[in-house]
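**Q** For reference, the sequence and a predicted model appear below.
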Amino acid sequence: DAGVIQSPRHEVTEMGQEVTLRCKPISGHNSLFWYRQTMMRGLELLIYFNNNVPIDDSGMPEDRFSAKMPNASFSTLKIQPSEPRDSAVYFCASTQGQSNEQFFGPGTRLTVL
Amino acid sequence: AQSVTQPDIHITVSEGASLELRCNYSYGATPYLFWYVQSPGQGLQLLLKYFSGDTLVQGIKGFEAEFKRSQSSFNLRKPSVHWSDAAEYFCAVGPPGFQKLVFGTGTRLLVSP
């Protein structure tokens, strides 16, 4: 299995631009999680989906952030407009069934200038 | 609400010495417990997990962890540290049957020659 796939691995953009991060979960996994990691705040859960339905988005920082999961094999996290304080590493993780064991992707390092 | 405390932000250990990383959790019942490792520039990789049964669990890379209900702890140990173990280690807790995890703030392990 290829594991969780994230793209791009690195993204540099200017303040005000739209940013879209992509994730492909492990085939057969039915839950998907988006995390943000910074030095100041550590690892934060932004949102998670179960069977393509958003279950908990309480960690989404503000309306500039949105996430979708149109099908079981693809999810996006969009930031519009982006701000310098959004600079972080964004991780996607997936799991299956009732298991809590999450498998993480390699992350996308986002830099907003 | 669940919470996880990793009291040590940084730990330095000499190569070949033993290691213990501390993790305490707060939860009303016995949760599922995990240790993840994150190497620089990488995603999180599962080291080991505890669901039930034997309170001493073995993981990958020679790590083990012991669940102590009376102390609400799940400390990670390794008898002899290798330079390649230098990384950040995260403890996580999740309620059985729910996929969401709560992560600790992490402990950065430095290995000295």
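**A** Structure received.
**Q** For chain B, which residues are neighbours of chain A?
**A** Contact residues, chain B versus chain A (CB under 8 Å from any CB of the partner chain): B:32, B:34, B:36, B:42-46, B:49, B:90, B:94, B:96-101, B:103, B:105-106. (Each C-beta comes from the backbone N, C-alpha and C, glycine too.)
**Q** Report the beta-bridge partners for the residue most central in space within chain A.
**A** Geometric centre of chain A, nearest residue: residue A:34, 3.3 Å, by CA atoms, centre = their mean. According to DSSP bridges, the residues that bridge with residue A:34 are residue A:47, residue A:92.
**Q** And the pLDDT for it?
**A** As summarised for this prediction, residue A:34 has a pLDDT of 97.
**Q** Next: the one 5 residues further on.
**A** Reading off the confidence values, residue A:39 has pLDDT 86.
**Q** Where does pLDDT dip in chain B?
**A** Applying pLDDT under 70 to chain B picks out residues B:97-98.
**Q** now the strands for it?
**A** Ranges of strands in chain B, per DSSP state E, are B:3-5, B:10-14, B:19-21, B:24-26, B:32-38, B:44-50, B:56-58, B:64-68, B:73-78, B:87-94, B:102-103, B:107-112.
**Q** What residues sit buried inside the third one?
**A** Applying a neighbour-count criterion of 16 or more other CB atoms under 10 Å in any protein chain shown, the buried positions in strand B:19-21 are B:19, B:21.
**Q** so where do the strands sit in chain A?
**A** Listed in chain order, the strands found in chain A under DSSP E are A:5-7, A:10-13, A:19-24, A:31-38, A:42-50, A:53-56, A:65-71, A:74-79, A:88-95, A:103-104, A:108-112.
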